[in-house]
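1. Whatever this is, show me its structure:
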Amino acid sequence: FLKALLLLVALGNTAAYRSCKEEEREVHPVLCSMVDSLMKNPSEMGRGLEHHARQHGMILDIPQASISQSIARRNLRSSSDDQEKLPVVLAHGMGDSCFNSGMQKVVKHVSDLLNVYSVCIPIGSSQSEDTTNGYFLNMDASVDIFTASIANDPKLANGFHAIGFSQGNNIIRGYIARFNTPAVHTFISINGVNAGEGAVPHCTPSKTHVLSLDSVGIGFCDLLMEQASHAAYTDYAQAHSFQANYWRDPRPVEWPNYQKFSQLAIWNNEGRLGVNETLKENYAKTSRFVWILANDDHMVWPKEGEQWGAPDPQDPFKKILPREDTAWFQQDLFGLRTAEEAGKNFYETFEGDHLQFNWNDFDKWINTYIVGNN
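-> Numbering: from 1, shown residues only. From the prediction side, this is the model:
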């Protein structure tokens, strides 16, 4: 029954887009224009968003040499106990898709490296829908689709490891917080925006809100700048913008709006509803968390948020608190401190920008945190 219910919820979410009302269009001219364009021609919108993501290095691919090396390493290991090993689930980042050849090669690479079943779970039934949902379907709805896919895959019934890239980590983290049955054993978060985004990467707003699909890159920057203002904290933005869901304005004046509207605030137990102990209990089901930070990340601000640092509320744009000094750690709002004290948290860094890691490092993380503990 649960599987059927989740599947119905997921199918319903894929049709969740709606045109703006007049008063919403006044507040969200760019978002409303893009949703209109999406509803009119979803395939063209998907191609435009993928092109924008590819321009900024957000589309993963893996060199053939790395694939060959992983196969060679796999052949050196015994496969007699492969059936006992947990499978691996991957979640792609913004603008990418499980249907893209790059992500498919990453899935195969992980499968070859570990000799296990591996799968990338899309948040849409096609490449176009998987891509556009990463922008216009909210986080909770995306987690519902992810959860339905988990529930309907018998190979995942006994639990799995999870690897997230960029905002794909929000989906895995949301699954852990809200469900985590079957449980994620090891969660490897690569450049995750789990702690939220407080600035707009790679974007300067244009001087006009006029949008055409031929300039979807410019339109998307306008969209991000718009959501980065007070417009992010509205019912329509939270329902129709994945990025607005994890916008965490560091200014104290915006804290009440963050608490009132943000889906991220609910997951973090920072929201107006107070602490939900179930979120902490679900978080505790995971045995290992690996938080990987890019030292030169220009996409996530603050980059320290990839390892749960956060802006200091007293001086947000000049001082970043280490995770031990944040409220969510000190008050153990969702279980981060409990995990730390239990030895579940691990931290890695690499030199480079967002998702520009070396694939040898990727293999090292897999071998350290999954192979040795599978």
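2. Alpha carbons only: can I get stretch 168-185 in PDB?
-> C-alpha atoms of stretch 168-185 as PDB (Å, rounded to 0.1, in the frame of the first residue of the first chain):
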ATOM      1  CA  GLY A 168      21.200  16.100  -5.500                       C
ATOM      2  CA  ASN A 169      22.400  15.900  -1.900                       C
ATOM      3  CA  ASN A 170      19.300  17.900  -0.800                       C
ATOM      4  CA  ILE A 171      17.100  15.100  -2.200                       C
ATOM      5  CA  ILE A 172      19.100  12.400  -0.400                       C
ATOM      6  CA  ARG A 173      19.200  14.400   2.800                       C
ATOM      7  CA  GLY A 174      15.500  15.000   2.500                       C
ATOM      8  CA  TYR A 175      14.900  11.300   2.100                       C
ATOM      9  CA  ILE A 176      17.000  10.600   5.200                       C
ATOM     10  CA  ALA A 177      15.100  13.300   7.200                       C
ATOM     11  CA  ARG A 178      11.600  12.400   6.200                       C
ATOM     12  CA  PHE A 179      11.700   8.600   5.600                       C
ATOM     13  CA  ASN A 180      15.100   6.700   5.700                       C
ATOM     14  CA  THR A 181      13.300   3.400   5.300                       C
ATOM     15  CA  PRO A 182      15.000   1.500   3.800                       C
ATOM     16  CA  ALA A 183      17.900   3.200   5.400                       C
ATOM     17  CA  VAL A 184      20.800   4.900   3.800                       C
ATOM     18  CA  HIS A 185      23.900   3.300   5.300                       C
END
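3. Would you indicate which residues of it are buried?
-> Neighbour counts over stretch 168-185 (16 or more other C-beta atoms under 10 Å) mark 168-180, 182-185 as buried. For every residue, glycine as well, the C-beta is placed using N, CA and C.
4. From the chain's centroid, how far away is that stretch?
-> In terms of C-alpha atoms, centre = their mean, to the nearest Å, the centre of stretch 168-185 is found 11 Å from the chain centre.
5. quick one: secondary structure of Phe334?
-> What DSSP: H, G, I helix; E, B strand; the rest coil gives for Phe334 is coil.
6. so which strand or helix has Val290?
-> Using DSSP states H and E, Val290 falls within strand 288-294.
7. Check which element follows that strand along the chain.
-> strand 310-311.
8. Just checking: what are the partner strands of the helix or strand following that following strand?
-> The helix or strand immediately downstream of strand 310-311 is strand 320-321, counting by DSSP H and E. Sheet pairing here is set by DSSP bridges, and for strand 320-321 it gives strand 310-311 (antiparallel).
9. what does the strand it pairs with contact?
-> Strand 310-311 is contacted by residues 195-196, 198, 250, 302, 304, 317, 319-321, 323, 326-328 when judged by C-beta atoms under 8 Å, 6 or more residues apart in numbering.
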